[in-house]
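# Return atomic coordinates for the entry below.
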Amino acid sequence: MARRRIVTIDRGHRTLGTAALFLLAALPAALLAEGSGVRGSVSLGLLNRYIFRGYELGQSRGVAQPAISVAWKGFSISFWGNIDFNEQPTLSFVPDRPGLVSFNETDLTLSYTRSIGDLSGTVGFIYYGTKYAAETEELFFDVSVGGWGHPSLTVYRDIDSYPGWYMSLTAAQSFPLGGRITLDIGASAAGFMGTGGYWKTLVSETRLYAGKKYGAFHDGMVKAGMTIPLGERWSLQPVIQIYFPLSSGASRIIDGVPYNPSGPVKTSIVFGLNGELSF
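Modelled structure (predicted):
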């Protein structure tokens, strides 16, 4: 999904997004039913900035990211949001409320997971409700393998505003430190291939986005953190993440203008604290 070209009218949440939000609001009643088999989590992240697929969506002014996820018999629904405390522009981001607080994104995900032994597959749908860019929708498919590193390959397909493919390979592992505290490390590498007209790249001679469609080894990320249990269901998770470009095409800028219409992938550091309640 792209973020840089914004629309001047807030289109509002679409029908499916609104329906999913009402469903999430109704779920607490289902949780009260003994033996319902429903499980999930509620979390809040406090971070220095928001980076999405290597794109810098705001400066280092602080963000809050609330989330709730509920699962039942392989089906799951989740909500994720981003609150920017002081929106500032970047080469990938044009604020909807410059210099002010903005609850500028609400993402809703519906998915189904099936496991056979150590192999797990997930299919799903994501609705991106963004105030600073055209809203969009994605389908995705994930295959993961149990064991050391828990390697996972996820393929995303934008089916709306920014047609294209995003493919991400990830791995993560936790190590016990004693007292139920774990050290958590992980890494990812991703490629992108644009298929819609939006993804035409910058032509240096004309300074117009009229070149071939953007495609490249896109972004990489390494992270480290800790999970600190505060009880049976509560935990705190300090974390640090480093994002970086995987190719010259991903980071290319021509005379101050991004080669990729959604902006360059830059080396960026994200750090903060996440609190989570599981149920």
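
# Tell me the spacing between the residue nearest to the spatial centre of the chain and Val265.
Nearest to the geometric centre of the chain sits Phe52, at 5.6 Å (Cα atoms, centre = their mean). In this view, Phe52 and Val265 are 11 Å apart by Cβ to Cβ, to the nearest Å. Quick note: C-beta positions are derived from backbone N, CA and C, even for glycine.

# where exactly do the helices run in the protein?
15-31, 248-251 (DSSP state H).

# mean pLDDT lowest for which of these?
Out of the helices of the chain, helix 15-31 stands lowest, with a mean of 54 (criterion: mean pLDDT).

# Kindly export stretch 201-212 (C-alpha atoms) in PDB.
Extracted C-alpha coordinates of stretch 201-212, given in PDB (Å, rounded to 0.1, in the frame of the first residue of the first chain):
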ATOM      1  CA  THR A 201       8.400   6.200 -11.400                       C
ATOM      2  CA  LEU A 202      10.000   9.600 -11.800                       C
ATOM      3  CA  VAL A 203      11.500  10.600 -15.100                       C
ATOM      4  CA  SER A 204      14.400  12.900 -14.400                       C
ATOM      5  CA  GLU A 205      14.200  14.900 -17.600                       C
ATOM      6  CA  THR A 206      10.500  15.800 -17.200                       C
ATOM      7  CA  ARG A 207      10.200  15.600 -13.400                       C
ATOM      8  CA  LEU A 208       7.000  13.700 -14.000                       C
ATOM      9  CA  TYR A 209       5.900  10.200 -12.700                       C
ATOM     10  CA  ALA A 210       5.700   8.700 -16.100                       C
ATOM     11  CA  GLY A 211       8.500   6.100 -16.100                       C
ATOM     12  CA  LYS A 212       8.400   2.300 -15.700                       C
END
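
# what about the stretch 1-150 of the chain, any weak spots by pLDDT?
By pLDDT under 70, the low-scoring segments of the stretch 1-150 of the chain are 1-36.

# hey, where'd the strands end up in it?
39-47, 51-52, 55-56, 63-72, 75-84, 102-116, 119-130, 136-145 (DSSP state E, counting those that start in this stretch).

# so where do the strands sit in the stretch 151-279 of the chain?
Counting by DSSP E, counting those that start in this stretch, the strands of the stretch 151-279 of the chain are 152-158, 164-178, 181-194, 200-203, 208-213, 215-229, 234-245, 253-254, 257-258, 268-278.

# Export the first one to PDB, keeping only CA atoms.
By that I understand strand 152-158. Output of strand 152-158 as PDB, limited to C-alpha atoms (Å, rounded to 0.1, in the frame of the first residue of the first chain):
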ATOM      1  CA  SER A 152       7.200 -17.100   7.500                       C
ATOM      2  CA  LEU A 153       6.500 -15.900   3.900                       C
ATOM      3  CA  THR A 154       3.600 -13.400   3.400                       C
ATOM      4  CA  VAL A 155       2.300 -12.200   0.100                       C
ATOM      5  CA  TYR A 156       0.100  -9.100   0.000                       C
ATOM      6  CA  ARG A 157      -2.000  -8.000  -3.000                       C
ATOM      7  CA  ASP A 158      -3.500  -4.500  -3.100                       C
END
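
# what's next to it, contact-wise?
1, 126, 136-145, 164-171, 196 (Cβ atoms under 8 Å, 6 or more residues apart in numbering).

# which ones are touching the residue nearest to Lys266 when sequence neighbours are not counted?
Nearest residue to Lys266, sequence neighbours excluded (Cβ to Cβ, 6 or more residues apart in numbering): Glu56, at 5.8 Å. The contact partners of Glu56, by Cβ under 8 Å, 6+ apart, come to 49, 90-93, 263, 266, 268.

# go on, Ile159?
Ile159 touches 137-139, counting by Cβ under 8 Å, 6+ apart.

# Leaving out the residues flanking it, which one is nearest to Leu230?
Leu236 (6.3 Å).

# doesn't Ile228 make contact with the one you found?
Yes - Leu236 lies in contact with Ile228 (Cβ atoms under 8 Å); the separation is 4.7 Å.

# These two: which is more packed in?
Between Leu236 and Ile228, Ile228 has the larger neighbour count (other Cβ atoms under 10 Å), namely 16 against 13.

# The more buried one touches Ser235, doesn't it?
Yes - Ile228 is within contact range of Ser235, at 6.2 Å (criterion: Cβ under 8 Å).
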